[in-house]
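In: Build me a model from this:
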Amino acid sequence: MAAEFPKVEASGTIKEITLGEGEKSFTLGGENAYPFHTFEGQTPHKAKIAMEIWDITPDDWADSLNSVYSDCYGDPVAWAKKCVEFGADAIVLTLKSTDPNEDNAPVGQAVETVKKVAAAIDVPLIVWGVDNEEKDGKTLRAVAEGVDFKQLILGPVVEGNYKQVGAGAIGYKHKVVANTPIDINLAKQLNILLGNLGMADENILIDPTVGGLGYGLEYTYTVMERARMAALMQGDEKLAFPMFVNIGKEVWKTKEAKAGAEEPTWGDPVKRGVTIEGITAVSLLLAGADILVLRHPESLKYVREYIEEMSK
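Out: From the prediction side, this is the model:
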């Protein structure tokens with residue numbers, strides 16, 4: 001007699017959101033089971049991987065990353081194309097030059113950069129600010145208005161600027177990434193506010209804010225897991241959105257990922273950094289992540305292999 005595994009049937013389903021347009025567009029969400037629990041329900045869309053680029057030359061990236069991208073620094077178009085060649089499903093363009101604490105570049109300059117990158121790639125483009133709600137509000141609103149020939153995904157949208165950025169996204173048919181600081185109740189509240197503003201559910205991604213391996217990963221995992229449980233098992237419509245996790249910037253700022261060969265007992269610096277990024281990514285996939293942002297192409301390779309194997 002064959003053994004039957006006990007199954008948990010969900011009462012809710014994660015909303016679907018389609019990013020991009022044309023042949024390279026893709027859809028996230030739609031699952032009614034926990035990650036990779038294909039024996040309990042449907043997972044119609046596999047998780048996707050985006051790669052992060054900057055509009056200026058990074059001054060604090062690890063040598064493991066510089067050796068891959070240094071020939072593209074200062075040229076975000078070339079950098080974006082290189083990441084597409086590596087197999088990125090989407091590009092995350094961080095407008096680092098607009099940071100008020102650094103170059104404080106004008107909004108118009110950022111708009112022109114986004115236009116160039118948007119015109120050069122055929123994968124979805126996610127435009128990312130600098131975690132300054134005032135400057136991001138102005139910049140992302142201007143980008144929404146100025147880049148009307150391609151659907152963009154704008155973020156991070158926070159409670160302090162959701163009206164400004166959200167209105168621009170609604171008016172010019174873009175999508176948003178709603179960011180809250182590792183708190184399930186705040187995530188739900190921001191989704192409600194965006195809905196009240198008029199943002200359709202199919203235009204919202206949740207960014208719960210994440211931590212890297214050894215730097216808050218377990219807390220991040222718990223919050224994401226609780227959000228997914230509430231959406232699937234309790235039918236909470238305001239948490240039933242695909243989740244976006246910005247892993248690269250959290251992993252590669254840690255000393256363990258950034259340290260080079262001067263720490264001989266820590267092993268090969270490239271393998272070390274890629275391993276930390278990969279473990280963080282796989283952990284958050286198991287917590288419910290739908291789209292992951294990575295930096296190293298080797299991390300992309302290994303994480304994609306994991307997604308494919310687990311999806312069989």
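In: Gly137 sits in which helix or strand?
Out: Gly137 belongs to helix 133-146 when assigned by DSSP states H and E.
In: list the helices and strands that helix packs on?
Out: helix 107-120, strand 152-157, helix 162-171 (3 or more Cβ pairs under 8 Å, 6 or more residues apart in numbering; DSSP states H and E). From N, CA and C alone the C-beta is placed, and that goes for glycine too.
In: Point out the most buried one among the ones you listed.
Out: strand 152-157 (a mean of 25; mean count of other Cβ atoms under 10 Å).
In: So what are the sheet partners of that strand and their directions?
Out: Strand pairing for strand 152-157, determined by DSSP bridges: strand 125-128 (parallel), strand 175-179 (parallel).
In: To Asp103, which of those lies closest?
Out: When the strands paired with strand 152-157 are ranked by distance to Asp103, counting by Cβ to Cβ, first place goes to strand 125-128 at 15.7 Å.
In: gap between the closest one and the chain center?
Out: 9 Å (Cα atoms, centre = their mean, to the nearest Å).
In: Stretch 188-207 too?
Out: Taking Cα atoms, centre = their mean, one finds stretch 188-207 lying 16 Å from the centre of the chain it belongs to.
In: Mind listing residues that contact that stretch?
Out: 15-18, 28, 153, 155-159, 162-163, 166-167, 169-170, 174-180, 187, 227, 236, 238-239, 241-246, 290-291 (Cβ atoms under 8 Å, 6 or more residues apart in numbering).
In: quick one: Lys48 and Leu28 touch, right?
Out: Yes - here Lys48 reaches Leu28: they are 6.6 Å apart, a contact under Cβ atoms under 8 Å.
In: Need the overlap of contacts for the two.
Out: When contacts are counted by Cβ under 8 Å, 6+ apart, the set common to Lys48 and Leu28 consists of 19, 290-291.
In: What is the nearest of those to Ala78?
Out: Each of the shared contacts of Lys48 and Leu28 was scored against Ala78 by Cβ to Cβ, and Leu19 proved nearest at 22.7 Å.
In: From Ala231, how far out is the nearest residue to the closest one once chain neighbours are set aside?
Out: Of all residues not flanking Leu19 in the chain, Pro124 sits nearest, at 4.1 Å (Cβ to Cβ, 6 or more residues apart in numbering). Separation of Pro124 from Ala231 (Cβ to Cβ, to the nearest Å): 23 Å.
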